[in-house]
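Trainee: Dropping a prediction and its sequence here:
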Amino acid sequence: MKALDELTFDNRFARLGDAFSTHVLPEPLDEPRLVVASKAAMALLDLDPAVAETPVFAELFGGHKLWAEAEPRAMVYSGHQFGGYTPQLGDGRGLLLGEVYNEAGEHWDLHLKGAGMTPYSRMGDGRAVLRSSIREFLASEALHALGIPTSRALCVIGSSTPVWREKQERGAMVLRLAHSHIRFGHFEYFYYTKKPEQQAELAEHVLNLHYPECREQPEPYLAMFREIVERNAEMIAKWQAYGFCHGVLNTDNMSILGITFDFGPFAFLDDFDAHFICNHSDHEGRYSFSNQVPIGQWNLSALAQALTPFISVEALKEALGLYLPLYQAHYLDLMRRRLGLTTAEEDDQTLVEGLLKLMQNSGVDYTLFLRRLGDESATLAVARLRDDFVDMAGFDAWAERYKARVARDGDYTQEQRRERMHAVNPLYILRNYLAQNAITAAESGDYSEVRRLHDVLTRPFEEQAGMEQYAQRPPDWGKHLEISCSS
Ligand code: AMP
Ligand code: MG
């Protein structure tokens, strides 16, 4: 266990120099205070969890203090936003403070979001408000607990600094952890600004530090791109299987590591709705729930374009062709497991699709339905769950098919079925209304609800005594919350 001043830095990205990032000091928040910290994320840095409560913790992650070895930098990148190319973006309000390595030899970027203006702030104020910082914190730790690759969050620091959005709010900072903060948009930036040397330097950096196994391949860059395609196919399959909607899938929000990254107006589905749009400024539904699948491929194509200096177009196309089949295989595998199936049959895809269509038409809660399906034997569970469906005859037909499929699947006890299904079907997810309750309390200075919710979400598959209120469908007020994109 380490104290805060015992972290070991090795700032590899900063060493790439000024063509890649700019030195900027964090702008401190007034009266910084701890809102919430993740013990699990602290453990990634070997930090003693007790240090979160010390004043120096809030000072470090509220922008007042800095380690001597830190080298805070704002990174430059660009990206395709809603389908159009924006030639220059960059860290407009976040800083890569430095890279730390832990005792296991893993490197972690420390990225402070909401740290003030940078050369890339454009029209923004460089700040992040408390509500969006809490949402990012909760989402990253909740996704991780569900087994979905994601950036992590160490803590949220609140303050008395006024920040103007639609109304006056308070500034906050979230400390994000990831093995890298390099985005698809980094490669696009050097490609479109025609800087082949830096482009090559960036590619070498990513290959050496993040995909070293690809070095052994005959075409290392192609192997790396293939791996990126595979990781994204798997990540998006998990989003779709667990009902996670990212909301702003621009290429500058896509990590080169295939992890969920840069949270905005994201949402987990309550009722199953394939057409759900969580970002209310996404008028055309470009980033709707079901569109995430083709958008994943679109974004990978944008990255492929930026990699044409290194890899032939034919090879890139071939690698892109892996995306859909891989996505489908991962998705179906997860959905089979969510339905309690241990074997694979040809027709499983239509079994899943049939269920989703019925859920869509009746507005059935996605998470709770699948959780309850494992509570009892298939026969008893479907008999109880049919009341949730408007089209009962349709559900009965599906249920007959499902029961027959379960019977063919294998001979196991209800105990085994429940255990297996509950291990993949969460009881607790980060519903928007739960986040909203925690935010409302935090905005009035009470952080206990954020901490409790975070704690519940770190063990989503485990029924927790006294926490029934976190496993409910949203009340009417919480069903269609509009999450502001100004964050
Ligand atoms: P996002 O939609 O949050 O991924 O942000 C898109 C771009 O806008 C990124 O370059 C951000 O750094 C920048 N940005 C977002 N909000 C602010 C802000 N309040 N101040 C400065 N830059 C911002
Ligand atoms: Mg972003």
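Mentor: Here it is on my side, so go on. Ligands and ions are numbered 1, 2, ... in the order given.
Trainee: okay, CA-based contacts and neighbour counts for the rest of this
Mentor: Fine.
Trainee: what element comes up after the longest strand along the chain heading to the C-terminus?
Mentor: Determined from DSSP state E, the single longest strand within the chain is strand 168-178. Going down the chain from strand 168-178, the next helix or strand is helix 184-192, by DSSP states H and E.
Trainee: Go ahead and name everything in contact with the longest strand of the chain.
Mentor: 29, 41, 61-62, 108-115, 127-130, 133-134, 136-137, 150-163 (Cα atoms under 8 Å, 6 or more residues apart in numbering).
Trainee: buried sites along it?
Mentor: For strand 168-178, a neighbour-count test (16 or more other Cα atoms under 10 Å) marks Glu169, Arg170, Gly171, Ala172, Met173, Val174, Leu175, Arg176, Leu177, Ala178 as buried.
Trainee: before we move on, what about stretch 274-283?
Mentor: Ala274, Phe276, Ile277, Cys278, Asn279.
Trainee: what do you get for stretch 300-310?
Mentor: Buried, per 16+ other Cα under 10 Å, within stretch 300-310: Leu300, Ser301, Ala302, Leu303, Ala304, Gln305, Ala306, Leu307, Phe310.
Trainee: ok, now stretch 435-454?
Mentor: For stretch 435-454, the buried set under the neighbour-count rule, 16+ other Cα under 10 Å, comprises Ala435, Gln436, Ala438, Ile439, Ala442, Tyr447, Glu449, Val450, Arg451, Leu453, His454.
Trainee: can you list contacts of that stretch?
Mentor: Counting by Cα under 8 Å, 6+ apart, residues outside stretch 435-454 touching it are Val35, Val36, Leu130, Arg131, Ile134, Arg135, Leu138, Glu141, Ala142, Leu434, Tyr470.
Trainee: Redo these as CSV? Include distance to Asp375, pLDDT and neighbour count.
Mentor: Shown next, in CSV, are those (distance: Cα to Cα, whole Å; pLDDT from 0 to 100; neighbours: other Cα atoms under 10 Å):
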residue, distance to Asp375, pLDDT, neighbour count
Val35, 36, 99, 26
Val36, 33, 99, 25
Leu130, 38, 98, 26
Arg131, 35, 98, 23
Ile134, 32, 98, 27
Arg135, 30, 98, 25
Leu138, 27, 98, 27
Glu141, 26, 98, 24
Ala142, 23, 98, 25
Leu434, 24, 98, 19
Tyr470, 18, 98, 18
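Trainee: Among those, which ones are in strands?
Mentor: Those of the contacts of stretch 435-454 lying in strands (DSSP E): Val35, Val36.
Trainee: Ligand 1 contacts on the protein?
Mentor: 89-93, 121, 124-128, 253, 262 (Cα under 6 Å from any ligand atom).
Trainee: Where strands are concerned, which of the contacts of strand 168-178 count?
Mentor: 108-113, 128-129, 152-158, 162-163.
Trainee: what about the residue lying farthest from the centre of the chain, which helix or strand?
Mentor: In the chain, counting by Cα atoms, centre = their mean, Ala393 sits farthest out from the average C-alpha position, at 37.6 Å. Ala393 belongs to helix 392-409 when elements are defined using DSSP H and E.
Trainee: What is the subsequent helix or strand relative to that helix?
Mentor: The helix or strand immediately downstream of helix 392-409 is helix 414-422, counting by DSSP H and E.
Trainee: If we go by neighbour counts, what in that next one is buried?
Mentor: Residues Arg417, Arg418, Arg420, Met421, His422 are the ones in helix 414-422 that count as buried (16+ other Cα under 10 Å).
Trainee: Could you point out which of the residues you listed is nearest to ligand 1?
Mentor: His422 (34.3 Å; Cα to the nearest ligand atom).
Trainee: was I right about that closest one contacting Phe461?
Mentor: Yes. Judged on Cα atoms under 8 Å, His422 makes contact with Phe461 at a distance of 6.1 Å.
Trainee: circling back: selection in ChimeraX covering whichever of the contacts of strand 168-178 are buried, please.
Mentor: Remark: buried members of the contacts of strand 168-178, expressed as a ChimeraX selection using 16+ other Cα under 10 Å:
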select :29,41,61,62,108,109,110,111,112,113,114,115,127,128,129,130,133,134,136,137,150,151,152,153,154,155,156,157,158,159,161,163
